[in-house]
Structure formats: structure tokens, C-alpha cells
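# Give me a 3D structure for the following:
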Amino acid sequence: MTASDAARAAPDDEVWERLREGDQSALGELFDRYADDVYAFAFRRTASWAAAEDVVQATFLSTWRRFHRDPPGPLTVPSARGWLLVVAGNECRTLYRTGRRLRALVDRLPDPPHSPDHAGEVARRLDDERRMSAVRRAVGKLPRHERETLELVVWSGLTLAEAAAALGVAEGTVKARLHRARRRFPDLLSRVALSEELS
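So this is what the prediction gives:
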């Protein structure tokens, strides 16, 4: 095993400590391990593949800046994934606020000329985004703390302990939030589907 193989196999807490000491390659290792998870999480939050790509970049850039400026404490759980997904959630909110301001600006501009439809891949991605948008609207009706818990545990596969550490709450609190979210969510999703059929 080479030194670089050993570094890649290092547990997250060791990579985390290297990042706390300013080792930029440690951020690359976390990116290699968790960029796909952040991307999937961001797509579920934004219902947009392009926005999800932006969130991935912003998440790791924001992580580097945070570690460079004011490093967080030692990692207290086996995986850094939960911490990164919380950062990604913050970046999704920032992206949403920025998008809302941009849409308000664009709404004041004259309509652009019609551009041709590129079908194929674009159509598939739009269908994915439309379906995910329906799910997003349903999840958006949950209280924020239940929504964040559902996103971390159900969508992103964090353990209760990892989600609790990422959110800064007790494990029992995560379990209770998850129970309430799961109880409400099927009804919310069916109401969103019905409203789409009627529109």
C-alpha cells in the first residue's frame, strides 16, 4: 500500500484533523468520499441538477473557508458526512435566496426570444426535476427540524447518532422528529400529487 493509498483509507477523524491543521489535500479526500452524497442531497433539496452541482462546489468551498478561518472542534462521530450535509443545507438556503432575488430581477426584463427544444437528456432531466419538485413541495410543508431530520436520515442514510451530532441535538430528539415526519409525509405527498392532477 502506497502512502497515498494509506491516506485515502484513513478514517474520517484523521482526515478531519489534517484539515483542521490546514492540509488542503484532506479536503480533497473528503470531496472524493462525500461529493456524490452532497450532490444527491442537494438535488433533493433544490429539485435541480444544475443547482445541485453549484451546491456541491459551494459546500466544499465553504468548508475550506471555515477550516481556514475558524476550524471546528474534533470530529466526534465516525463520519464527516453529516457535518457536510448540514453545510450543504445551508448552501441550499443561500442558493434559494439568491435565486429568488434573481427571478425578481428577470421578471422585470422583456421576454427572451424562443430557443429550440433540445429533447433527449434535457427532457429526462426536466422530468426528474419535476418529480423531485413535487416531493420537495411535500417535504417543504414539514416543520424545518423534521424536514432536516428526514433529509439526513431517510434520504442521505445517516445513522441516528450521525444525524444527532450533525444537528447538535440528542439522539432521542432525532428519533422523535423522524417518527413525526414519517407519519405526516405520506399524506403530504399524496396531497401534492392530487393538486398536480387538478392543475
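# Using CSV, write out the CA atom coordinates for stretch 36-43.
Extracted in CSV, the C-alpha atoms of stretch 36-43 (Å, rounded to 0.1, in the frame of the first residue of the first chain):
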residue,chain,number,x,y,z
ASP,A,36,-21.8,12.3,-4.5
ASP,A,37,-23.7,12.3,-1.2
VAL,A,38,-23.8,16.1,-1.1
TYR,A,39,-24.9,16.1,-4.8
ALA,A,40,-27.8,13.7,-4.2
PHE,A,41,-28.8,15.6,-1.0
ALA,A,42,-28.7,19.0,-2.9
PHE,A,43,-30.8,17.6,-5.8
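# List the buried residues of that stretch.
Asp37, Val38, Tyr39, Ala40, Phe41, Ala42, Phe43 (16 or more other Cβ atoms under 10 Å). C-beta: built from backbone N, CA, C; applies to glycine.
# Now those residues in TSV, please, with extra columns for distance to Arg137, secondary structure and pLDDT.
What follows is these, written out as TSV (distance: Cβ to Cβ, whole Å; DSSP: H, G, I helix; E, B strand; the rest coil; pLDDT from 0 to 100):
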residue	distance to Arg137	secondary structure	pLDDT
Asp37	23	helix	96
Val38	22	helix	96
Tyr39	21	helix	96
Ala40	19	helix	94
Phe41	17	helix	93
Ala42	17	helix	93
Phe43	15	helix	92
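# Closest one to His179 out of these, please.
Phe41 (21.3 Å; Cβ to Cβ).
# So that closest one sits against Glu151, correct?
Yes. Taking contacts as Cβ atoms under 8 Å, Phe41 lies within contact range of Glu151: 6.6 Å.
# Spit out the residues that contact the two alike.
Leu85, Gly89 (Cβ atoms under 8 Å, 6 or more residues apart in numbering).
# Pull up the distance across stretch 17-27, start to finish.
In stretch 17-27, first residue to last residue: 11 Å (Cα to Cα, to the nearest Å).
# and it, how far out from the chain's middle?
Remark: stretch 17-27 is offset 22 Å from the chain centroid, using Cα atoms, centre = their mean, to the nearest Å.
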